[in-house]
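Trainee: dropping the sequence and predicted coords here.
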Amino acid sequence: MHLSICDASIFILRFRGCVALGKVLVAAAWPYINYVPHLGTLLPLLSADVVARYYRLKGDDVVFVSGSDEHGTPIEVEAIRRGIHPKELVDRNHKIVSDLLERYGISLDNYTRTESPLHKEFVRRHHLKIYKNGYIFTKETELPYCPKCNRFLPDRFVEGTCPYCGYGEARGDQCDRCGRLLDPTKLVNPHCTICGAEPVIRRVKHWYFDMPKFTGQLLDYIKSNKQLPDNARNFSLKLLQEGLKPRPITRDTKWGIPAPFEGAEDKTIYGWFENVLGYVSATIEYFKRRGEPERWREFWFHREAKTLFFIGKDNIPFHTLILPALLLATHEGYNLPWNVITNEFLMFQGQKFSKSRRVGVWIDEALRLYPADYWRYTLISIRPETRDTNFTWKVFIEKVNSDLNDTLGNFIHRTFKFINRYFGSVVPEPKNLDEVDEATLNAVREKVDEVARRLEAFRLQAAAREFLEISHIGNRYLNEKKPWRSIKEKPQEAANTLYVAVQIVKALAVTMHPFIPFTAEKLWNLLNLPDKNYKGRWAEAKKPIPPGHRIKRAEPLFKKVEGSEEGLQRMLENVRSTKAPATPTITIEEFSRVDLRIGRIVKAEPIPKSRNLLKLMIDLGDYGLKQAIAGVAEHYKPEDLEGKLIAVVANLAPKTIMGLRSEVMILAAQDGRVLAVIQPDRRVEPGSRIT
RNA sequence: AGCGGGGUGGGGUAGCCAGGUUAACCCGCUGGGCUCAUAACCCAGAGAUCGGUCGUUCAAAUCGACCCCCCGCUACCA
């Protein structure tokens, strides 16, 4: 089947919207792994996972792919900072991230990486192909080059004084103070942010992808793709109306995929022109590994395949314009993204997630606090669908305690307990169900369908609400039927009630699966339903558990989050401090602002009513006697400390702790539960400066 | 600056694109019920002139114009 690629009608056919189900490619944005992702970065992967799991439950043929985005200057710079080769950095991070995603239950069929040999080879062949098709040309430009680092500098890596407002730390692309767009060549006193040297301007040749040639086809694609969400469509149309520009696809960096063009041997391919091709290469790799090397085509060429891309809003143009253009440029008739499901941003307590300022929660530390399902449920239920939303500890506590534990967990638990206790753990035989029983079962079936409808519309937040609603129905039903009464007077009625209740539990076990898969499997097991493979299980939501079936003993599925919002933030900070933090470097000048000295503890005494505090009097020689309130009482007895020479920070702003003034801070090393004060290894006078 | 998104009871969100019965849901609050269940559950109630103004319309949270505030983006932080 070969249609002219320029024929717009094929798009109309392909994107009419009533595409038959069956084959679903689910793709999630590739996290950039210069660092562990934070909760916001997890959103596209998590959303994709919910949908992938749903389609699998429905019995569709699903392939779910993503991978680590590993190339580019930020990773190179991070590697330099740590004194290792970029490859070593990404090998390490890829492993960490893959492992974490698995622990979040992100059910990827292939989580690969841009360093995968198959990907690199695929990308080179792809670009050569579109080069031969005439979509790539070369052009010379002037770019800043750092002679000391021996590299061309991306705009963001040049800083200098803004020529408009005089701001001293304007970046090459934009001034943070006046907001003006800049050109790195215009900066006054420019310097390289990596080494500080002054960059020079060099003329270089680069290879450009001729985006404007695809304007018409992309316009047709965007306009005829009915399911594209508004934010993705509007933004893409705007860019198309403004006019596409040729994009440089080569970079003068070493860390990347070598450009395959003649004369470009020392260049690499720009990240966004290779990582999006990873969706294809990951599919190829997956089927190759399964020994079915041709089947990837079913997902990328058969018209009936649905391809779903889950991304954050900042990635829209790469998925609605650049990826389609790259695919069109092959003239091979690739499926263009059937839908690009875009989430807005997640904020943390009203602020943007920020790695440098440590605002937010990172996915490794989150798992050290609470189970994956708690995070999954919370994130999906506040998933930023129509606007940015805010993650707060308050929300987290509310979602886990009220929704998961009280409403959902408790309904399941009371049903189990009742059957355990009054029916010997055996599903009772129903006889003559009354109207309320039937209506309830119907309402539950209705809800199951509603969850499915919401999921198919990618309204994940609403879908989660609907599945939780099933447990509300259950709770309401039990309250109305009061089986704890009828068990005494009309045991058959109680039997009917619990029969219905356990069917609701089963429906929940199925519908909760996309959202909280770990809990779903645990529940499936408690229901003593043997099937380990969940493919095609969705239909089970409406099939009753037969009377006589034995279930297991009740076991709580969730635990409440104990403690306040402040308490949780403290827990997070504890978790954070016990792993080696990658603290940003400081200059010697910055360090010298800290006045470190040796002091002698002349007196140490416990503070009444405090658990861990000691009041210390510390002799600082010429600087006098200072009082320190130190949190060491759980590690040292007062008499152990008296007489010791120890390191202190002498110029910390004083603070009042439990009504006592603390003027200096003593230094101690912490290794998990072990605390050790820092002492000089030979005798020096109290007050000696530590440098 | 331009562009985009948003401002809905105390808090958090949905509804808006395809205008139409008492503006929905969760948390919180008040009162009541229940006691099988992880002090959980269920019911009822209070509480919003849907940022402001003007307009379109028989009818606007929903459409249009203008204004005020918040946020994001302006092509390598989802």
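Mentor: Looks like it came in fine. Numbers count the residues shown, from 1 in each chain, chains lettered A, B, ... in the order given.
Trainee: the residue in chain A that RNA strand B sits nearest to - how many residues pack around it?
Mentor: Proximity of chain A to RNA strand B (C-beta to the nearest atom of the strand) peaks at residue A:312, 1.5 Å away. Every residue, glycine included, has its C-beta placed from N, CA and C. When neighbours are counted by other C-beta atoms under 10 Å, residue A:312 registers 18.
Trainee: if I look at it, how far off is residue A:342?
Mentor: As judged by C-beta to C-beta, to the nearest Å, residue A:312 and residue A:342 stand 7 Å apart.
Trainee: ditto for residue A:414
Mentor: 40 Å.
Trainee: pLDDT-wise, which helix or strand of chain A ranks last?
Mentor: One helix or strand of chain A scores below all others by mean pLDDT, DSSP states H and E: helix A:9-14, with a mean of 30.
Trainee: helix or strand right after that one?
Mentor: Going down the chain from helix A:9-14, the next helix or strand is strand A:23-28, by DSSP states H and E.
Trainee: is any part of that following strand close to RNA strand B?
Mentor: No - using C-beta under 7 Å from any atom of the strand, strand A:23-28 never reaches RNA strand B; the gap is at least 8.8 Å.
Trainee: helix, strand or coil for residue A:445?
Mentor: helix (DSSP: H, G, I helix; E, B strand; the rest coil).
Trainee: and it, what does it touch?
Mentor: A:507, A:541-542 (C-beta atoms under 8 Å, 6 or more residues apart in numbering).
Trainee: give me the below-cutoff pLDDT ranges for the stretch 551-691 of chain A.
Mentor: A:578-590, A:592, A:609-611, A:655-656, A:659, A:670-674 (pLDDT under 70).
Trainee: repeat the analysis, applying 50 as the threshold.
Mentor: A:580-585, A:672-673 (pLDDT under 50).
Trainee: how close does residue A:327 sit to residue A:108?
Mentor: In terms of C-beta to C-beta, residue A:327 sits 22 Å off from residue A:108.
Trainee: near residue A:649, how many other residues are there?
Mentor: Quick note: residue A:649 (other C-beta under 10 Å) scores 15 neighbours.
Trainee: just checking, it touches residue A:667?
Mentor: Yes - look at residue A:649 against residue A:667 with C-beta atoms under 8 Å: they come within range, at 6.8 Å.
Trainee: overlap in contacts, the two.
Mentor: residue A:596.
Trainee: which residues of the stretch 451-600 of chain A lie near RNA strand B?
Mentor: Counting by C-beta under 7 Å from any atom of the strand, the stretch 451-600 of chain A sits next to RNA strand B at A:461-462, A:465, A:472, A:475-476, A:478-480, A:482, A:484-485, A:556-560.
Trainee: mind doing that once more with 6 Å?
Mentor: A:465, A:472, A:475-476, A:478-479, A:482, A:484-485, A:556-560 (C-beta under 6 Å from any atom of the strand).
Trainee: widest-spaced pair of the residues you listed?
Mentor: Farthest-apart pair in these is A:465 and A:485; separation 31.6 Å (C-beta to C-beta).
Trainee: which one of these two is surrounded by more residues?
Mentor: residue A:465 (16 against 11).
Trainee: residues near the nearest residue to that one once chain neighbours are set aside, how many?
Mentor: Distance criterion C-beta to C-beta, 6 or more residues apart in numbering; nearest residue to residue A:465, sequence neighbours excluded, is residue A:381 at 7.1 Å. For residue A:381, the tally of surrounding residues (other C-beta under 10 Å) stands at 21.
Trainee: in the stretch 101-250 of chain A, which spans are helices?
Mentor: A:117-132, A:215-224, A:230-242 (DSSP state H, counting those that start in this stretch).
Trainee: okay, now the domains of chain A?
Mentor: Using automatic domain parsing, the domain parsing of chain A gives A:8-135+A:210-343, A:384-542, A:592-677.
Trainee: quick one: closest of the ones you listed to residue A:161.
Mentor: domain A:8-135+A:210-343 (22.2 Å).
Trainee: circling back: now, the contacts of residue A:445 that are in helices?
Mentor: residue A:507 (DSSP state H).
Trainee: pLDDT score for residue A:163?
Mentor: Among the per-residue scores, residue A:163 shows a pLDDT of 66.
Trainee: looking at the domains of chain A, which has the lowest confidence?
Mentor: domain A:592-677 (a mean of 78).
Trainee: returning to what we had before: please say which of residue A:414 and residue A:342 ends up with more neighbours.
Mentor: residue A:342 (28 against 17).
Trainee: packing partners of whichever strand or helix holds that one?
Mentor: Using DSSP H and E, residue A:342 sits within strand A:339-343. Contacts defined by 3 or more C-beta pairs under 8 Å, 6 or more residues apart in numbering; DSSP states H and E place strand A:339-343 against helix A:39-58, helix A:230-242, strand A:306-312.
Trainee: show me what counts as buried in the longest one.
Mentor: This points to helix A:39-58. A:39-58 (16 or more other C-beta atoms under 10 Å).
Trainee: keeping just the C-alphas, turn it into PDB.
Mentor: What follows is helix A:39-58 as a C-alpha-only set of coordinates in PDB (Å, rounded to 0.1, in the frame of the first residue of the first chain):
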ATOM      1  CA  LEU A  39       7.800  13.600  40.600                       C
ATOM      2  CA  GLY A  40       6.900  15.900  37.700                       C
ATOM      3  CA  THR A  41       9.100  14.000  35.300                       C
ATOM      4  CA  LEU A  42       7.500  10.800  36.400                       C
ATOM      5  CA  LEU A  43       4.000  12.100  35.300                       C
ATOM      6  CA  PRO A  44       4.200  11.200  31.600                       C
ATOM      7  CA  LEU A  45       5.600   7.800  32.400                       C
ATOM      8  CA  LEU A  46       3.100   7.200  35.000                       C
ATOM      9  CA  SER A  47       0.200   8.300  32.800                       C
ATOM     10  CA  ALA A  48       1.400   6.200  30.000                       C
ATOM     11  CA  ASP A  49       1.600   3.200  32.400                       C
ATOM     12  CA  VAL A  50      -1.900   3.600  33.600                       C
ATOM     13  CA  VAL A  51      -3.100   3.600  30.000                       C
ATOM     14  CA  ALA A  52      -0.800   0.800  28.900                       C
ATOM     15  CA  ARG A  53      -2.000  -1.300  31.800                       C
ATOM     16  CA  TYR A  54      -5.600  -0.600  30.900                       C
ATOM     17  CA  TYR A  55      -5.300  -1.600  27.300                       C
ATOM     18  CA  ARG A  56      -3.500  -4.800  28.400                       C
ATOM     19  CA  LEU A  57      -6.300  -5.600  30.800                       C
ATOM     20  CA  LYS A  58      -8.700  -5.100  27.900                       C
END
